Structure formats: C-alpha cells, structure tokens
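[1] Everything below, folded, please.
(2 chains)
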Amino acid sequence: MNFLAWVFFAPLFCLLAALGVSLWARSARSSVRLGLLVSLAPLAAFLSVAAVLPRVTAGNPLRLNLPWMPSLGLEAAFFLDGLGALFALLISGIGVLVVLYAGYYFADHPEDAPRFFSLLMLFTAAMLGLVLAGDVITLFIFWEGTSVVSFLLVGFKHKDEAARRGALRAFWITGGGGLALLFGLLLLAEMAGSTRLSVILASGPVLRAHAHYPLALVLIALGAFTKSAQFPFHFWLPGAMSAPTPASAFLHSATMVKAGLYLVARLNPALGGTDLWFWLFSLTGMVTLLVGAWLGLRQRDLKALLAYSTISQLGVLMMLLGQDTSIAFKGFVIGVTAHALYKSALFLTAGAVDLAAGTRDLTKLGGLWKTHRGLGLAAGVAGLSMAGLPPLFGFLAKETLLAAVTHPNIPPVTSLVFTASTVIAGALMLAQAGRFVVDTFFGERPAAQPPARPLARAVAVLCAVPAGLSLLLTSLPEPEPIAAFLASAASAAYGGPVKVSLALWTGINPPLVLSVIAVSLGLFLFYRRARVIADQEFFSAWAGRPNLETPARAALRLLDRAAAVSLRTQSGKLRRYLAVILAASSLLVAYALLRQPIAFQSLAVPTPDLAGGLGVLRLFALLLVVGASAASVFLQRDLMAVLALGASGLSVAVLFALEPAPDVALVQIVVDLLVTTILILALRRIPRPLREQANDRRTASGSVRDALLAAAGGLWMAAVTLISLTSRPRVSIVTPFYEANAKPLTGARDVVGAIVLDFRGFDTLIEITVFAVASLGVYTLLRRGLGLYRAAHEMPADEKPHRSFLMGIGGQRPSALVRLLTDAILPLSMVIAVVHMMYGHDQPGDGFTAGVMVALATGLWHIVYGNREARRRLPWLHPTPLVAAGLLTVLVSASLGAWISGSFLSAVDFGKLWGLSLPPGFALSTAFFFEVGIFLVVLGSAARMLDTLAFGEEAAPRQGG
Amino acid sequence: MELLTALAIGLLFAFGLYQFLRRNLIRSAVGLIILSNAINLFLLSTGAYRGLVPAYVGDPLQHSDALPQALVLTAVVISMGGFAFITAMLSGIVHRYRSGDSDDVSQLKG
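    Residues are numbered from 1 along each chain as shown, chains lettered A, B, ... in the order given. Presented below is the predicted three-dimensional model:
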C-alpha cells in the first residue's frame, strides 16, 4: 500500500470525531470550545487531501482496495483523482468553517451542540466516503449514509412539526432516488462486468452500445436528480431549510446536493457523449435553472431565497454536465468551486443575521449595516460573486458558463435557448443577490423590530473566509498550481484534457457581451423588485405551482384514507386477532393436507410397541404430558395451573430423554424450572382479584369458540406429526456430515454439542446475546419503565413487597436445616456447572444448563435469606459485569481462533497447542471458552430476570448491576 | 406408537391454543409455554430417522438425528428468553391497565 493512501482514512477522522463527541461531550459547557476541538477532524481530512494534491494534479490517481465480502466479489475500493480531490477539499474545508461557526450558533443552547456535532461529523464522513469511493457499491452505501444523516439533521429540531415534515419529505425523495440509483448502479456493474469504478470508466464504448444503456442511465439520473434537487424533484430542498443553519450551509449548498453532480461528472467518461445524455442532463438542468431563479426572487425568508438560488445553480451545473465540450467541464469545476464558496458564505451570513436580528424575514430586516459591518462586508463580497460581477470568482464562473452554452458544437437553436435562459437566470440571480444584501443590511430597520444583538467577532470572520476566498482565487499572483489542479479535476470528469486559466480578462468576446446584458437586466429587475415580485405573485396565483409536491401530498392523503378504512375493520382486541389468525392458518394447513392423500392404513390400528421396556416409559411420559397439560387447563387456581404446567414440562424432558436426546432433555429441565419460577413470581405481581375477574367474565359461547379453534389446531398438528413420524426414515444430507466431522473437525464426541458450539457457533453467539437482551428488556420494562410511567401518571407505587421476600420464608428466620441445604446447594451447583462446562463436549450438558442451575441456586438464597441478606452474602452476583465478561470471553476466544486458524469461531485446541498436560477428557479449546462465556451470560441474565421479576421496581437498584 | 405420539402432541397443541385464547393473561402465558413444548416435540419428530442411542461419536448402534436436536436446543433457550420478556410485558400491562383481562387491553387500535 502506497503510504499516500492514508488519505483514504480521512472519513475515519470524522467518524471518530462523531463517536468521540457522542460518547464524551454530553456535558459540554461551551459549544464554542467543542467546535474548536471537533473542527480538528475535518481539518485533518483537509490537510491529508491537500498533501496528495501534487500527485493527483500530475494525473496519478490513488487507489486502495480492501477485501470486504470476497465470497460475493465485493470489496471496499477507494479511488482519488482530481475530481474526487476537488470535492473532498470543498467538503472538508467548508466542514471546518461550518463546525467552527456552529460552535457560535449553538452558544445559547450548548446542550444541543454535542448531538449536532456528532451528526455533522457523521455526515462529513459519509460525504467524504462518497467522493473517495472507487467502487459503485461502496459509493452507494455512502450515498445512502448521507441521505440518512441528512434526514436527522433536517429534523434536528424534532419538536417542530415543520422540521419533521421537511425531514421526511427530503428523505422520501432522496431515498426513493437512492433506490433508483441502486438499480442503475447494479445494472451498470452487470454491464461492465465489475463494480469497480476504474473498470466501469474504462469500458465506456461497451456500456454505451449496450441494450440496457438507456435504462441504466435514466435510473442513475433519477438518483442524481433527486439528490441534487433538479426539477421536478426540487421542492424538498426549501423544505429542508428547517435544518439548523450551519447544517443548511453545509449539506444544502456546499456538499450533499452536489453529490448528484459529482456522480454524473464521475460517470461522464463512461456514459456521456450520447444524445440521450445530452438531452437528459441539459434540459433538466435548464428547466431547473429557470424554475429556481424564478421562484427564488419572490421568497421573503433569507434561507428559502438561498435554497432556490441553490436549486438554480445546481441546474446550471447539471446543464454543463450534459455538454460534450471541454469548456463545459471547465465551467463545471469553476462553477462548483465558486458556488460552494459564495453560497456557504451567504448561508452562514443568513444564520448570523437570524441570530442578530431574531428573524430571517426580509420584510422585517434592514439597516443591519450600522451595527454589523463585518457581516455586511462578507455578505457584500459573496453577493457580488453570486451576481457574477468582476473581480470575483463568480464572474469567472458565469463567463465560462456563457462560453460553454455558446460553444459552436451545440446545435444553433438549442444554443440560442440555452443562452437566453442562462442570461435570464443570471439576471434573476443578480436581483436575488441584491435583495439578500441590500434588503438585509441597508435601508432602515423597521421600527417595530427590537434592536439587533451584537455577535461575536469570529462569526463575521468565519462568514468572510469563503467570501474572501472567492476574491483571492482570481487575484493570486501565482494562479498556475490551482489552475492545474482544477484542470485535472475537469479532465477527470470530461475524460480528456481540459485547459483551465483563472484570468479574468480575456478580451471583448460574446460571453462578455452577454454578461453585460445579463447584468443590466438584473440591475433593472433589482431596481423594480417590488413590482416584479408582485407580478410573480399574480402569475403564480394564475398558473398554480407545477411540481411534484401536489401529487406527493395527494398520495399521502390517499394513504391516510386507506388507513382509516382498514382501521374500521380492526376491533383492537387481541384475542379476536388471534382467533382470526388461528382459524385462517388452520384452514391453510387443512387445504395443504387434504391435497395430498394421507396414508390411512397407519391410522387404522394403534400398535403400542412396548418392546424393551422403554416403550412403556414412553407411553407413561406421553400420558403424563397430556394429563398435566389438561390439568393446567381445568384447574381453577392459577397457581395450581402453573404447577401443572411445570409437571408437564418435566414430562416433556422425559420424552426428550427417550428420543434419545439427552442434551435437549437437560436444557428442558432447567428451562422448565426457570419458567415455572418466573410464572409464580409473575403471579405474585398480579393481584388475585384482577385475575379472577378475567375468569368470571368468560362466556359459554366464547369458550366453545376457543375450544373449536383449539381442537382444529390440535387435529392438524396431530396429522402433520403423524405424517412426519410415519414417513421415517428419510434421507438426510446434513446430519451425516455432522456425524462424520464432529470428531475430526471439532474434537467433540457429542454431535449435538458440536453443532451448537462449532458448526453453528455463530448462531449460538447470537442466541446468548438475545437471551441477555431479553433480560435487559425485563429489567427496563419493570424497573425503569413502570417507575417512569407511575411518575408520569402520578400513580402510587404498589404495596410493599410481601414480607417473606425481605425476611426469608414466611417472614421468619429459616431453620438451620433449610439454611444448611441452601448453603450447600450453591457450591454444589457450581461444581456441577464446572463439570458441565469442562466435559460438555463429550457428555450431555453445556454452559447454558450450568448457568441456569447456578442462577436458580442463587434464587433459592434470595427466598431463604431474603433479598437484602442474600445480596450481602453474594457480593459477586452483578448481572451486567457477568454478561459483559461472558460475551467478551466468547469474542476473545473466537478472535483468537480466527487469528490462529483463520476463521472466526473455528475450533482451536489451546491445550494441545501449548503442550499443557490436562486431565483426560478435558480440552482447553475455544469450545470450552465458549461454554464458559455462555455460562457467564446466562447466569447474569437469568439472575437478573429472577431478581427483577421477584422484586420489581420497588427494590433499590443494586450497584453496578 | 407413532399414532399415540402424534395424538399426544396434537392434544398438547390444542390445550396450548385453548389456554392461549383465554381472557386471563396468566393463563395465556401458560398456554404459550404448552404450545412451545408441543412444537419442540414436533420438531424432534422431524428427525430423519429413529435412533436407538444418543448421537455420540463412536457408538456403533443407530444414532438419533442430531440436527433437529441442536435446533430444538436453540429454540428452547430462545423461547425461554422471549418468555421472560413476555412475562415482564404482561406484568407491565396489568399495572398499566389495572386489569388481568386481555380484552381490556384494546389500545392497540390507533
């Protein structure tokens, strides 16, 4: 790996910053200082990209390929050339400014700052990843990442209805476009035979000639259009202005909305140059340009005005990407840079104005120049750049644009239309820039408004930095390196050499003349702005608003109505749903069963096979299971029913043992005990009158219905089981593999244990995690949730827990014999647990059984000694550390296995590896550590379940647990 | 014996369903356990062949099928975790609605 390739870790800086902020900055006192600290991450990214510029400018892209899912042919590939570097510099550079600025923006609400900073850094990481991606799948993942984080940022003020709506709308549109993009990219990868960008870019002729080219192009364009707010998808962008202003400045002017442009520019060498390409992008761009400029002028909200002018500018750039001339791509890179600089300056100013004047409404603003000169100066310079006036960078951008649309390669009529719309939009842009600057800073401040607040000097400086850069870039004494860098970016997008010069004065030529026309027209529009806006209002009232917002709303209304209709069919009663589900599934199974003839001869004569004595035992166990279950139905008292259930579960264990499946039988025994205990504890929590009330309300017809449903279910279950049992023996493919490989591959005699711990070890890891999460859920529901609910609804806590649980059995000191038994049972259970863990690989028993056994033993301590005393005597029983230690043990031993033998959770016998002499039958292997981990997790989880269910929310939370 | 086993599992399933449908929330929890027991027994019966001895390497007699056993093992553990969670939910519901009757819990409707 080339050492320069560490530039690809730039997103990682921001990711780490996001993580760091969300972990440690909860209690940040000063958002300004936090901003200063966080800004180091984008700064590091900026510097690392800047460091590789000489190499990239020279035309040597950097590459980094990391294997990701080799079996699927996927890799995380990264790639940096001039185009990517230009975007990466803009993203990280403006990122630094925005982060610093956000520190001041959130100065009054420092509690919001950490969340904002971590989201912003997450976004920066995704955005940098997007422009550094060298593989379409990698690119897509980062693309979606920006959509998701943008959703969170737009909805940052989540208590505000408008913010939530704006966020959702932005997400619908960009997310939908993302789906189209995914299909397009997959199609593209299929056509090119590789997901790698370098391969795709090199197979342009094949792609363009492919039958699926139009489909892939349109799908990809949909993704780009939605992301870059092109007509008719542009309407999400103004709605997204509910984001905090630093986020708008960053996402909705400088970075995210440019992702679509980046994608189109990136793929141009492969897909561009066709007629479809030309018309698709130029026309969409042109319409967007006009719509944005037209709608923007009449906005009263500063940010909305900027949003529409952004849409317009995005249209310009999209239009340029449609052309097949080198000057268009020169115009593209200059335009992207110019827009990012002036628009971020204006957005930051808009936020500062909002902070200073308390409003962003242009009709309530004015006269800020007197109090905020620095801000006014920054806005003025940026506004001049937006208006496209010399000597600013925006002027250069507009000149190049005009030169591109008047290029002789474009068909004459089209060129005329393009030129006219560019001139009109340019004039409208100038008027908008004028409105932004003049109506905010000059004139008189309306008398009804409170006096403007002073701002930190740094805010004006931060706004001035990008504005100043737009001035600086055209007046550099040595513009060559920057021009060369921009040229390398343009060449990468064009797919051929592009020359870029930053000279402002190129003599009197058609672009200059057109520019003068646009400026004069713009000045006229600006001067008569009140009149023009009134005319616009009149026109739009007459014409309506032709965009997708209306259909989108109609679709949502339709969805609402459908929901109302379906709600009418819902009773809200759980049992009715269950009955419907059960009846329907019974019918389905019946249909499936009756389609195939059942072997009726096997139904004819029951021949109890009592050979060998085990048959009798089996018969007995079956009778016991059925009898105990029947008892649990017919016994009136709930406690008795629960005990009958316990008996039935134990008989099931006997059936398991007779299968013969001794491992399952053992687990069934401990699980049955735990279940019975939990149910009895739950019974204690539910007052008896409430339970009996439910019994009394039973109606005869309801019982008959339930009985019929149950009988139908039981009938089909019996039929399915019979088919399954009588069709034995069947051919098994998997089991013989496990049987043959258990010993050689995992060193285990117990095939079931080998499957659970080795062959399907990952499942088991997830399984114990689920178990731990379930115990956390019990804890959260009962100890936290109920307490909070009571507090919120001012309900009294339950009566004090039954005394016996504080004082031992019956509130009395237990007898010496009981205490002796209790004391003995815990060490005994631990010895059994250790044996289970050590020899579980060759004999029945495993870590799960061991964990539940020890947990039940500690439960007995709680009952006999009372809660408080048991806690004092068992100081080591802290659920959280136990669970954590267990999971860590599993992960560490699994990783060790991966390190030694190459795959996660693979079996490694450490004892043999290190030549330890161990007792025979015991292997110090990954499986053993796995068992220990399971034991710890299950012990912690089961202890927590019992503890929480027994003592509920009344008990003081135990320390560390 | 096959017929008797099938009948027993069917009966178990029916008892479970009946309990599950009752109004008393504790009884429906009991029903859930009976149901999962019935289903675990059924899953064991899906083994490809009948065994005479447990599936331990080295025993010359016909082993029982290890695959469904491993799956049932996982199922037992997971349903145990799920059951504990359900019991906690049940307890929360009773306290929140001040009722042990599942028909009183009708705020699912939006």
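
[2] Alpha carbons only: can I get the host helix or strand of A:Leu47 in CSV?
    Assigned by DSSP states H and E, A:Leu47 belongs to helix A:40-51. The C-alpha atoms that make up helix A:40-51 are tabulated as CSV, following Å, rounded to 0.1, in the frame of the first residue of the first chain:
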residue,chain,number,x,y,z
LEU,A,40,-9.7,19.3,14.0
ALA,A,41,-11.2,16.3,12.3
PRO,A,42,-12.3,17.9,9.1
LEU,A,43,-9.1,19.9,9.2
ALA,A,44,-7.1,16.7,9.3
ALA,A,45,-9.1,15.4,6.4
PHE,A,46,-8.5,18.6,4.5
LEU,A,47,-4.7,18.5,5.1
SER,A,48,-4.4,14.9,4.2
VAL,A,49,-6.2,15.5,0.9
ALA,A,50,-4.1,18.7,0.3
ALA,A,51,-1.0,16.7,0.9
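
[3] shouldn't B:Gly10 be in contact with A:Met717?
    Yes - using CB atoms under 8 Å, B:Gly10 makes contact with A:Met717 at a distance of 4.7 Å. For the C-beta atoms, the positions are set from N, CA and C on the backbone; glycine is no exception.

[4] Okay, now the unreliable bits of chain B?
    Applying pLDDT under 70 to chain B picks out residues B:106-110.

[5] the helices in it, which residues?
    For chain B, the helices defined by DSSP state H occupy B:2-20, B:25-45, B:66-97.

[6] Turn those helices into CSV, columns for mean neighbour count.
    Listed next are those as CSV, based on neighbours: other CB atoms under 10 Å in any protein chain shown:
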stretch, mean neighbour count
helix B:2-20, 24
helix B:25-45, 24
helix B:66-97, 22
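
[7] Out of these, which gets nearest to A:Val864?
    helix B:66-97 (22.5 Å; CB to CB).

[8] Which neighbouring elements make contact with the closest one?
    Under the contact criterion of 3 or more CB pairs under 8 Å, 6 or more residues apart in numbering or on different chains; DSSP states H and E, helix B:66-97 touches helix A:662-685, helix A:734-741, helix A:751-754, helix A:761-779, helix A:786-793, helix A:926-951, helix B:25-45.

[9] out of these, deepest packed?
    Comparing the helices and strands packed on helix B:66-97 by mean neighbour count (mean count of other CB atoms under 10 Å in any protein chain shown), helix A:751-754 comes out on top with a mean of 28.

[10] For the most centrally placed residue in chain B, which non-adjacent residue is spatially closest?
    Computing the C-alpha centroid of chain B and ranking residues by CA atoms, centre = their mean puts B:Ser36 first, at 0.6 Å. Among residues not flanking B:Ser36 along the chain, B:Ser79 sits closest, at 4.7 Å (CB to CB, 6 or more residues apart in numbering or on different chains).

[11] Three-state assignment for A:Leu306, please.
    What DSSP: H, G, I helix; E, B strand; the rest coil gives for A:Leu306 is helix.

[12] burial measure for it, as a count.
    Residues near A:Leu306, counting by other CB atoms under 10 Å in any protein chain shown, number 29.

[13] didn't it look like it was pressed against A:Ser344?
    No - at 10.1 Å, A:Leu306 does not count as touching A:Ser344 under the criterion of CB under 8 Å.

[14] so what sits against both of the two?
    A:Ser253 (CB atoms under 8 Å, 6 or more residues apart in numbering or on different chains).

[15] what's the nearest residue to A:Ala304 once chain neighbours are set aside in contact with, if anything?
    Once flanking residues are discounted, A:Ala304 sits nearest to A:Pro238: 5.2 Å by CB to CB, 6+ apart. Under the criterion of CB under 8 Å, 6+ apart, the neighbours of A:Pro238 are A:Ala304, A:Ala307, A:Tyr308.

[16] which one of those residues has the most neighbours?
    The residue in these with the most neighbours, by other CB under 10 Å, is A:Ala307 (28 neighbours).

[17] so it makes contact with A:His252?
    Yes - A:Ala307 lies in contact with A:His252 (CB under 8 Å); the separation is 6.6 Å.

[18] joint contacts of the two?
    Between them, A:Ala307 and A:His252 share these contacting residues under CB under 8 Å, 6+ apart: A:Leu237, A:Ala240, A:Met241.

[19] if I look at the last one, how far off is chain B?
    This points to A:Met241. 31 Å (CB to the nearest CB, to the nearest Å).

[20] remind me which residues of chain A are low pLDDT?
    Ranges of chain A meeting pLDDT under 70: A:1-4, A:25-28, A:69-73, A:542-549, A:597-613, A:785-812, A:951-961.

[21] May I ask which of the shared contacts of A:Ala307 and A:His252 has the most neighbours?
    Of all these, the highest neighbour tally under other CB under 10 Å goes to A:Ala240, namely 30 neighbours.

[22] which ones are touching it?
    Contacts of A:Ala240 by CB under 8 Å, 6+ apart are A:Ser150, A:Val154, A:Gly166, A:Ala167, A:Arg169, A:Ala170, A:Ser248, A:Leu251, A:His252, A:Ala307.

[23] who's in contact with the fifth one?
    Translated: A:Arg169. Residues near A:Arg169 by CB under 8 Å, 6+ apart: A:Phe235, A:Trp236, A:Gly239, A:Ala240, A:Ala552.

[24] about what we covered before: as a markdown table, the shared contacts of A:Ala307 and A:His252 with secondary structure would be great.
    Putting those into a markdown table (three-state DSSP) gives the following:
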| residue | secondary structure |
| --- | --- |
| A:Leu237 | helix |
| A:Ala240 | helix |
| A:Met241 | helix |
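
[25] Tell me the one of those nearest A:Ala76?
    When the shared contacts of A:Ala307 and A:His252 are ranked by distance to A:Ala76 (CB to CB), A:Ala240 comes first, at 29.4 Å.
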